[in-house]
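Visitor: Below is the sequence, then the predicted model.
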Amino acid sequence: MTDPSAHLIDMQAIGFTPEGKPVLADIDLRSNARRIGVVGRNGSGKTTLARIMAGLIDADQGKVRVAGVDVAKDRKAALGVIGILFQNPDHQIIFPTVEEEIAFGLLQQGHPKEEAGRIVADTLSSFGKSHWAKAAIHQLSQGQRQLVCLMSVLAMRPKVIILDEPFAGLDIPTTLQLQRTLDAIDLTLVHITHDPAVLAGYDEVLWIDQGRTEMIGVAAQVLPAFQDRMNQIGAGDDLSDLTG
Ligand SMILES: Nc1ncnc2c1ncn2[C@@H]1O[C@H](COP(=O)(O)OP(=O)(O)OP(=O)(O)O)[C@@H](O)[C@H]1O
């Protein structure tokens with residue numbers, strides 16, 4: 001990115017309408033903030049937006065660039081600029097051992113095997129987890145598997161990491177440990193969640209509702225507004241509704 005006015009994350013007028021059903025409409029997210037949150041209720045379109053941002057799905061309308069890369073079109077360059085950590089590590093992991101799993105993305109990026117092996121060893125060592133290299137993934141806890149996914153993403157040296165509800169299903173101590181690890185990461189994080197509490201200390205927040213922008217701005221304004229609305233809805237009974 002040589003243009004000083006460019007945004008690291010540059011999503012403009014994003015629309016996604018599979019089978020004619022509008023899932024996302026007219027979403028803008030242009031930001032150089034280091035800690036970005038995306039909040040919304042279940043089914044509001046957060047995961048779809050995350051997948052579009054990572055280039056895993058091509059939007060039907062709009063433009064997506066991350067660090068200047070058209071992430072849906074240039075998949076190899078995309079691996080070097082943006083990584084995604086999914087809610088369930090078992091949807092991400094495909095190899096039987098930790099070192100094979102971390103090496104996979106590096107090989108996809110074009111690193112020769114020996115170099116990939118060195119980066120895997122360095123990554124594990126930087127987390128104090130060198131002893132995990134040969135560990136069988138199926139013997140790890142869910143929190144440990146989530147950390148393997150995070151190490152796999154970080155090994156690829158992206159500029160942005162998307163976290164899609166990474167604490168779902170984790171107990172409190174594991175969440176706190178993973179949260180601490182994430183807080184220490186010196187990269188841009190885009191954290192997708194329905195829980196405003198996990199975005200304490202974040203810079204900027206996009207609130208989406210039924211696929212549209214409800215509010216975007218500094219976290220200190222958007223999060224209380226989101227919490228108030230959720231409390232209002234919670235006082236009612238839209239759980240009864242069968243539509244949507
Ligand atoms: N390819 C698709 N075809 C049809 N519908 C889709 C498609 N992708 C997403 N949707 C629908 O769009 C809506 C938003 O889904 P999405 O998973 O993005 O929401 P979310 O905010 O992440 O929800 P949750 O918090 O429950 O995970 C859902 O109703 C989903 O079924």
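Guide: Now that the structure is in, tell me what you want to look at.
Visitor: residue contacts, the nearest residue to residue 212 once chain neighbours are set aside?
Guide: Closest residue in space to residue 212, ignoring its immediate chain neighbours: residue 25 at 5.4 Å, by Cβ to Cβ, 6 or more residues apart in numbering. Backbone N, C-alpha and C define where each C-beta goes, glycine included. Applying Cβ atoms under 8 Å, 6 or more residues apart in numbering to residue 25 gives the contacts 15, 17, 211-212.
Visitor: Quick check: the gap between residue 105 and residue 72.
Guide: Distance, residue 105 to residue 72, using Cβ to Cβ, to the nearest Å: 18 Å.
Visitor: And those two? Which one has more around it.
Guide: Between residue 105 and residue 72, counted using other Cβ atoms under 10 Å, the more crowded position is residue 105 (20 against 17).
Visitor: Tell me the spacing between the more buried one and residue 10.
Guide: Taken as Cβ to Cβ, the span from residue 105 to residue 10 is 23 Å.
Visitor: distance of the residue nearest to residue 212 from the ligand?
Guide: From residue 25 over to the ligand the distance is 12 Å, taken as Cβ to the nearest ligand atom, to the nearest Å.
Visitor: Kindly report the same for residue 241.
Guide: 14 Å.
Visitor: For that residue, grab phi and psi.
Guide: Backbone torsions of residue 241, given as degrees, to the nearest 10, read phi -70, psi 130.
Visitor: Which residue lies closest in space to residue 45, excluding its sequence neighbours?
Guide: Residue nearest to residue 45 in three dimensions, not counting chain neighbours: residue 211, with 4.3 Å by Cβ to Cβ, 6+ apart.
Visitor: and that neighbour, how many residues sit next to it?
Guide: When counting by other Cβ under 10 Å, one arrives at 23 neighbours for residue 211.
Visitor: ok, it - contacts?
Guide: Contacts for residue 211 were tallied using Cβ under 8 Å, 6+ apart; they are 16, 22-25, 27, 44-45.
Visitor: Just among the residues you listed, which is most surrounded?
Guide: So for those (other Cβ under 10 Å), the most neighbours sit at residue 27, 26 neighbours.
Visitor: quick one: that residue is in a helix?
Guide: No. The assignment for residue 27, made by DSSP: H, G, I helix; E, B strand; the rest coil, is strand rather than a helix.
Visitor: list the contacts for residue 186?
Guide: For residue 186, no contacting residues are found, by Cβ under 8 Å, 6+ apart.
Visitor: sorry, that was for residue 7
Guide: Contacts of residue 7 by Cβ under 8 Å, 6+ apart are 30-32.
Visitor: In strands, which of these appear?
Guide: Among the contacts of residue 7, DSSP state E puts 30-31 in strands.
Visitor: So what sits opposite residue 64 in the bridge?
Guide: As for beta bridges, residue 64 partners with residue 11 under DSSP bridges.
Visitor: close enough to count as contact, it and residue 73?
Guide: No. With contact defined as Cβ atoms under 8 Å, residue 64 does not reach residue 73; the gap is 9.4 Å.
Visitor: so how far is the ligand from residue 128?
Guide: 32 Å.
Visitor: Run a quick neighbour tally on that residue.
Guide: Other residues lying near residue 128 total 8 when counted by other Cβ under 10 Å.
Visitor: likewise residue 18?
Guide: Residues lying near residue 18 (other Cβ under 10 Å) number 10.
Visitor: contacting residues for residue 78?
Guide: With Cβ under 8 Å, 6+ apart, residue 78 has these contacts: 54-55, 66, 69, 71-72.
Visitor: least trustworthy helix or strand in this protein by mean pLDDT?
Guide: Lowest by mean pLDDT, DSSP states H and E among the helices and strands of the chain is helix 172-183, with a mean of 86.
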